[in-house]
Each structure stands twice: as structure tokens, then as C-alpha cells.
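Colleague: generate a structure from the sequence data that follows.
(2 chains)
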2 protein chains.
Amino acid sequence: MKDRVYNFAAGPSCIPLEVLEKARDELVNFGESGMSVMEMTHRGKDFAVIFSRAKEQLRRALSVPESHEILFLQGGATLQFAAVPMNLLGTGTADYAVTGQFSGKAAKEAEKYGKVHLACDTSASGHDRIPAQGELRTSENAAYFYYCSNNTIYGTEWYYTPETDAVLVCDMSSDILSRPVDVSRYGLIYAGAQKNMSPAGLTVVVLDRELAGKALSCTPEVMRYDVLIENDSMLNTPPCWCIYMLSLELEWLEKQGGVSAMEKMRKERAALVYDVLDNSRFYIAHAQPDSRSFMNVTFRTPSEDLDRAFVAGAEKCGLVNLKGHRLTGGIRASLYNSMPMEGALRLAEYMKRFEEENRCMQ
Amino acid sequence: MKDRVYNFAAGPSCIPLEVLEKARDELVNFGESGMSVMEMTHRGKDFAVIFSRAKEQLRRALSVPESHEILFLQGGATLQFAAVPMNLLGTGTADYAVTGQFSGKAAKEAEKYGKVHLACDTSASGHDRIPAQGELRTSENAAYFYYCSNNTIYGTEWYYTPETDAVLVCDMSSDILSRPVDVSRYGLIYAGAQKNMSPAGLTVVVLDRELAGKALSCTPEVMRYDVLIENDSMLNTPPCWCIYMLSLELEWLEKQGGVSAMEKMRKERAALVYDVLDNSRFYIAHAQPDSRSFMNVTFRTPSEDLDRAFVAGAEKCGLVNLKGHRLTGGIRASLYNSMPMEGALRLAEYMKRFEEENRCMQ
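Modeller: Numbering: from 1, shown residues only, chains lettered A, B, ... in the order given. Here you go, the predicted model:
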């Protein structure tokens, strides 16, 4: 069997080894249940313990105030692109800050259900930066202001929480749990779990309960936040295994020191890679320095051939999934919470070595 | 650690031990990938192999004709309650055969999107039977005819495929893969995986490609069958772990002899329990004999106190999750593909013993 690799995929992505080992050890027979978590009825007492524990752990990790409910759903961020306007837009207008592919898709989806106003659109410069507060053009009486806090594809991240009179809605799929967030400032936060929380198949929604109950009549029952709150995410069978895995990952996160420890680690990890970029006359970073993501570092070499050679060579060293997104090309290193410091160190070393070996060939 | 139990839950439910053991052995490091299946990017070559394999296995197991596409989705049957009318209803009428809780919910959801005609409604007799073909009142030019082939809660099952001029749509969540089905007669079949296929979090849709492309304008992008077909279920990240588990379960199913072997086994398993009911003056079966489900056997004892004693006593013998649904009370034994014959045998023996011990007390 091949050794375990360092996996820089943008999502699904790496999971801490000790989490995987625990899941393996408990897989066939969990605790005193006599069965696998995958076999448990979601309405039984054994799964109820796992479910409440995951909710409590997440409430603690993100300091979610009592005003806000936590939902464990299916369908990914893409289903939330529709669920958000279906539940919150009403007959009003929503402001969308388009700073990447996913916020662009969300804005387009919202147009099906009502009026959308673009608060910004950074596509002209290849989504290489996040606009400053002063650049955001908000509309009067917007139903909500929507943004995506980290752009996985372009490697940019919002360093500030936008100031707006509207309800704040944020897609935190790729940087949730990587830094402290004042949840009370948000009406709704959601995140596909597969980047920084758990395996693919779980979507976490954190929302102010007061926002629920105003869904459009065409909203499917299982997408109505009020119905989901009333049923504690169990209108139908939830993605039980992913909720269990989330609980194991949050246990690990808590042991590491919680979200503030994650923030310290993400800075250290990303610095290792950005330092190489900043001291190089070979690599070209995609994101502007004031908007650089701590989760996804995007860059390229002087040529597409060298990009390919970089990715192939890295794979031979056990550093995998470094190919950039098809929209941008180049190279992307995703450095989520679960990426060990050692992985970032090895990548930085490989980058330096690759530069030395290939710079003269230019 | 407690021994593994016989799990009669209605879903999520039991999984073959050898499937769980294989998942455990591969969990931390899958094949030559150097990572867990849970860590694999869904667009990478390792997961592509797992994904295509699961699709091919399912096509083989169900003999899905080339005219029909297989989709691996999220959201459960409940999301399909909305997706079906959103995609297929147009401005027409749909016929719904209401023979249980889930077909009733599906009909109610469809009313949000268009006209619904009830082809039958067995609620007056507590959904204890499936109407004969001659009892179905179909409407002229219906966009589709909808039914649920097995009623998990009430323990009834359709023994025939309804004859209708309309497109046939069937929710097979609780009996898919348990008997041969002529898929070519159906426009669309769907099933939540957590009963007879895989852990919770995966929904399988099998549909005639020609039906796609007529979605209502309010349909979320990720619920449009045409978009999902075009993207081979990967408009966004699919529930990768559940797809992998489905592949392992289908490998097991194929080794057992496929769907025809499953049909033979389900008859034998259910007969063990129904024989006890038929030879008892103590237990009261819920379903009419001509509509009995081979998957979910529903019955009760002469009193609610005895029902509770039955369930508690069974649990002490390692026969768990036998409590009936809250809508019906009583007892329910779910005997899906993964339930070993030994489990049904033990249950039948326990039922006889419990009757002997408690009959005289009446």
C-alpha cells in the first residue's frame, strides 16, 4: 500500500489522520450500540447522542448565540444558492457581492426568485482582490447582503465583515472554523462541509431564527428554514455519517485549541507558501497581497508546461492535487485546518527546489 | 464491546458485515490513492473510478436500459417530492396513488406546482392494502402517474406495476433492489439509499433522458434533471462516501446472485415472520394478506403494554429497533436485503416464545 500523501485538494480535502483512525476503529460497531453509525436509525437514542453532540460542539466552536439555530442539511452550497432567496428575498431586492465563481452563481440563481443588485463585481480583474468597504454599492432597504468569505478558485478572502444595514448572509464553505467570526452580526451563514469540516454530503446552516417563516410559496418543504428548524433538521433522514464525522473533526479541533488556534495555524501555514512566492522571481501569485486567502494559495509558473511539470513532480513527492481550477489554470494549494504544518513545509521546500531547477531554463 | 445486534430499523438500517469490514479496512488509505475515500476530490481520477463503478454496478443490478440515466443526488426522497413535479408536471395534471404516508406527502408537495388528481387513497382503512388495477381512477392525459412501491410505515407493497398511458413515476425507496423490475416501463424511479442500498445521504434517480428539459422556471439549478444529466451528477460535489458505500453494497449483492437472489431471499425471510402471524391467535397483522410487504412486516399484540414488553424483551435478545412507527404504533420488523436469514429466524422464534409466555395472561 502506498504511504498516505499530503492532499492539497480544494474540497473534498484532507481529514486529520487521528479522526480517520477513530472512525475506522468504531466503524463496524459503535460504542455499546452493537452496530455501525451508518446503520443507526436517525430517530434512535444512539444517533440522538451523536447528533446533539455535533450541534453543541459546533455551537461552542463558532460561539453561535442562542438567537441562532444550527441546521444539518443536504444539497451543498448549490442548493443554498436557491434556498437563501426562496426563504429571505420576498418581494425585495438583495445585494450580492460577486468576488468569485460561487458568489456569481449564487447571484444568478437568486435572479430566478426576485431582484438582485450587484454590490460589486471583481470579474474584470480575474477576481484577484476583495473590494474595500467603501467600494461596495449597497441598495436601499435590501432584504439581505450576500457574500462568499473565501474564494476557493481564485484564492482571495474577505478580511473584514461588510458593514451594511441589511441582513448579512455569508457562504463560508471554504474558511469556516479557520478563524473567529462574530456570528451575531450575521443573519445566515452556511457552508458545504467538505472543505473545512467533514466529508462531502453535509451542509451546515446557522441562522437567526427570526428570519425563518417567510418562504416563497414555490419553496420545496425540505428547503424551508422554518420547517427545518421546527423539525430540528429531521424533516427527513439527515446525512448521519457526515454528522458523525463532523463531530469527530470538532473533537479534534477542540483538542487543538479551537478556532483561535486554527487561526494561528492557518497564518503560519499560509506564510510558508506565500513567503516562497514573495521571494521568487519565478512564481506569479494570482491574488493581490491585501486579499490573499489563508486557505487557498493560487499561483503559476512562467509557463503552462512548467505548471504541469510542477504538479507532476509534486505528486512524485507525495504532494497531491495541486492543479489549479480549470477556470484559472496554474497551481492551487489548499491549506485547510486539517493540513499538517509538515505538509505546508514540504510544499514550500518543493517550490524552492523546483524554482532552482527550472529558473535557468527560462 | 457489545456484540453486533440484528437491526430491524426501517431506515437507516442494517448493512452486511462484510461490507462494513471492507469499508473499515480501506478507510484510512484506499488502494493506491494514499488517502481516505472521504478525502478524495470528486473530480480526481481515484474517485472517478469509484463513481463509474457504482453507476455500472447499479445499471447491471437493475438492468437499466440505455435510454435511462442514473443520477446520484442528495436531499432524500423528500426533495424528490418537489423535484418530480417541478421537472415533469408542466401545466398538466398528475395522478397520485396515495397508499401511505410518503405518497401522501408527495401528492401534497406536488400541489404547490400544479394540478394533482388522486388515483386512489387508502387512508380510510389505515393504508392496510394496495388497490387492484381496476380500482385506480386515472385522469385523461396525465403528465405522469405516481406511486410508492412499498409503504415502510404500513407494511404494504405493490405486487404489480400499474397500467397507465401516463409516464410512470415510482418512489422505490424501501424495496429497490429486492426484486426484478422492468425499468423500461418507468419514466422515473427514485430511492433514498438508506433503506436498501447505502447509508443515509444519497438519493438515486433513474430516469428516461427524454423526460428532462421541461423544468418550471422556479426550479433550483441543482434540482433540474437536464442540468444534472449534463453534469453527470456533478453540478456540485456529490455525497462521495455514500456512493462508495453503494458500490461496496452492490458488489456484495452481485456476489449473492443479484436481484433475483434477493427476491428469493426476501420471500424466505418474510415467510418466517408471516408464518408466525398466520398461525397465531395473539398477534394482529396490519396489512391485508394480498398486500403484505416483503420488506416491512407490521403487527401488534393484544395491548400497547404488551407491544412495549415485546420490543423491550427483543432488545435484550439482540433484536433491536422493532418499535412501530409513531403513526401506527405496534411493532415493525424491517427485513431488507442486508438482514441475514438468521435474524429473521431469531425474530420468528422470539415471537413464538413471547406469544407462549403472554397468551395466557390475556
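
Colleague: helices of the stretch 51-200 of chain A, start to end?
Modeller: A:76-88, A:101-110 (DSSP state H, counting those that start in this stretch).

Colleague: residue in the stretch 251-362 of chain A nearest to chain B?
Modeller: With CB to the nearest CB, the shortest gap between the stretch 251-362 of chain A and chain B falls at A:Asn321, namely 5.7 Å. For the C-beta atoms, the positions are set from N, CA and C on the backbone; glycine is no exception.

Colleague: how many other residues sit next to the closest residue to that residue other than its chain neighbours?
Modeller: The shortest distance from A:Asn321 to any non-neighbouring residue, by CB to CB, 6 or more residues apart in numbering or on different chains, is to A:Ala9 (3.8 Å). A:Ala9 has 24 neighbouring residues, counting by other CB atoms under 10 Å in any protein chain shown.

Colleague: same check on A:Leu17?
Modeller: Count around A:Leu17 with other CB under 10 Å applied: 15.

Colleague: now A:Asp95, which residues is it bridged with?
Modeller: A:His117, A:Phe145 (DSSP bridges).

Colleague: that one against A:Tyr144, yeah?
Modeller: Yes - with contact defined as CB atoms under 8 Å, A:Asp95 counts as touching A:Tyr144 (7.3 Å).

Colleague: identify the contacts common to these two.
Modeller: Shared contacts of A:Asp95 and A:Tyr144, defined by CB atoms under 8 Å, 6 or more residues apart in numbering or on different chains, are found at A:Ala166.

Colleague: what's stretch A:316-333 in contact with?
Modeller: A:3, A:5-10, A:101, A:126, A:152-155, A:273, A:286, A:296-301, A:304, A:307, A:310-311, A:314-315, A:334, A:343-344, A:346-347, A:350, B:34-35, B:41, B:44.

Colleague: for it, buried residues please.
Modeller: A:318-325, A:328, A:330-333 (16 or more other CB atoms under 10 Å in any protein chain shown).

Colleague: stretch A:54-69 now?
Modeller: A:Ala54, A:Lys55, A:Gln57, A:Leu58, A:Arg59, A:Ala61, A:Leu62, A:Val64, A:His68, A:Glu69.

Colleague: close to chain B, is it?
Modeller: No - Stretch A:54-69 does not reach chain B (CB under 8 Å from any CB of the partner chain); its nearest approach is 14.4 Å.

Colleague: that older thread, got the helices of the stretch 51-200 of chain A as TSV, with mean pLDDT, distance to chain B and mean neighbour count columns?
Modeller: Listed next are these as TSV, based on pLDDT from 0 to 100; distance: least, CB to the nearest CB, whole Å; neighbours: other CB atoms under 10 Å in any protein chain shown:
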stretch	mean pLDDT	distance to chain B	mean neighbour count
helix A:76-88	98	3	26
helix A:101-110	98	6	21
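
Colleague: so which of these is nearest B:Cys148?
Modeller: B:Cys148 sits nearest to helix A:76-88 of all these, at 23.5 Å, using CB to CB.

Colleague: off-centre distance for the closest one?
Modeller: 16 Å (CA atoms, centre = their mean, to the nearest Å).

Colleague: check stretch A:70-88 too.
Modeller: That offset, for stretch A:70-88, works out to 14 Å (CA atoms, centre = their mean).

Colleague: would you put the C-alpha positions of that stretch in CSV?
Modeller: The C-alpha trace of stretch A:70-88 is given here as CSV (Å, rounded to 0.1, in the frame of the first residue of the first chain):
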residue,chain,number,x,y,z
ILE,A,70,-27.9,25.3,13.6
LEU,A,71,-29.2,23.1,10.8
PHE,A,72,-27.5,20.0,9.3
LEU,A,73,-28.7,19.7,5.7
GLN,A,74,-28.0,18.1,2.4
GLY,A,75,-27.6,19.5,-1.1
GLY,A,76,-24.4,21.5,-0.8
ALA,A,77,-23.9,25.3,-1.1
THR,A,78,-25.5,25.0,-4.6
LEU,A,79,-28.9,24.2,-3.0
GLN,A,80,-28.4,27.1,-0.6
PHE,A,81,-27.9,29.4,-3.7
ALA,A,82,-31.7,28.8,-4.2
ALA,A,83,-32.8,28.3,-0.6
VAL,A,84,-31.4,31.7,0.6
PRO,A,85,-33.5,33.8,-1.9
MET,A,86,-36.5,31.4,-1.6
ASN,A,87,-36.6,32.0,2.1
LEU,A,88,-35.3,35.5,2.6
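
Colleague: list phi and psi for A:Ala285.
Modeller: For A:Ala285, the backbone dihedrals (degrees, to the nearest 10) come out as phi -80, psi 140.

Colleague: OK, contacts around it?
Modeller: A:Ala285 neighbours (CB under 8 Å, 6+ apart): A:Tyr274, A:Leu277, A:Asp278, A:Arg292, A:Val297, A:Thr298, A:Phe299.

Colleague: so in terms of bridging, what pairs with it?
Modeller: The partner residues for A:Ala285, given DSSP bridges, come to A:Phe299.

Colleague: flag every residue of the stretch 51-200 of chain A that's near chain B.
Modeller: So far as CB under 8 Å from any CB goes, the stretch 51-200 of chain A lies against chain B at A:74-79, A:81-83, A:86, A:105, A:109, A:112-113, A:192, A:194, A:199-200.

Colleague: now with 7 Å, please.
Modeller: A:74-79, A:82, A:109, A:112, A:192, A:194, A:199-200 (CB under 7 Å from any CB of the partner chain).

Colleague: thought A:Tyr186 was touching A:Cys170?
Modeller: Yes - counting by CB atoms under 7 Å, A:Cys170 is a contact partner of A:Tyr186 at 5.9 Å.

Colleague: of those two, who's got more company?
Modeller: A:Cys170 (28 against 20).

Colleague: pLDDT score assigned to that one?
Modeller: A:Cys170 is assigned 98 on the pLDDT scale.

Colleague: quick one: it from A:Asn151, how far?
Modeller: 12 Å (CB to CB, to the nearest Å).

Colleague: next one: A:Glu263
Modeller: For A:Glu263, the distance to A:Asn151 equals 19 Å [CB to CB].

Colleague: can you check A:Asp46 too?
Modeller: 39 Å.

Colleague: between those two, tell me which one has more neighbours.
Modeller: More crowded of A:Asp46 and A:Asn151, by other CB under 10 Å: A:Asn151, with 28 against 18.

Colleague: bridging residues for that one?
Modeller: Going by DSSP bridges, A:Asn151 forms beta bridges with A:Thr156.

Colleague: quick one: residues contacting it.
Modeller: With contact set as CB atoms under 7 Å, 6 or more residues apart in numbering or on different chains, A:Asn151 has these partners: A:Thr99, A:Gly100, A:His127, A:Ser293.

Colleague: for A:Pro199, same thing?
Modeller: A:Pro12, A:Cys242, A:Met245, B:Met38, B:Cys240, B:Trp241.

Colleague: and the spatially closest residue to the fourth one that is not a sequence neighbour, what pLDDT?
Modeller: Here the nearest residue to B:Met38 in space, its sequence neighbours aside, is A:Pro199; by CB to CB, 6+ apart that works out to 3.9 Å. On the pLDDT scale, A:Pro199 is placed at 96.
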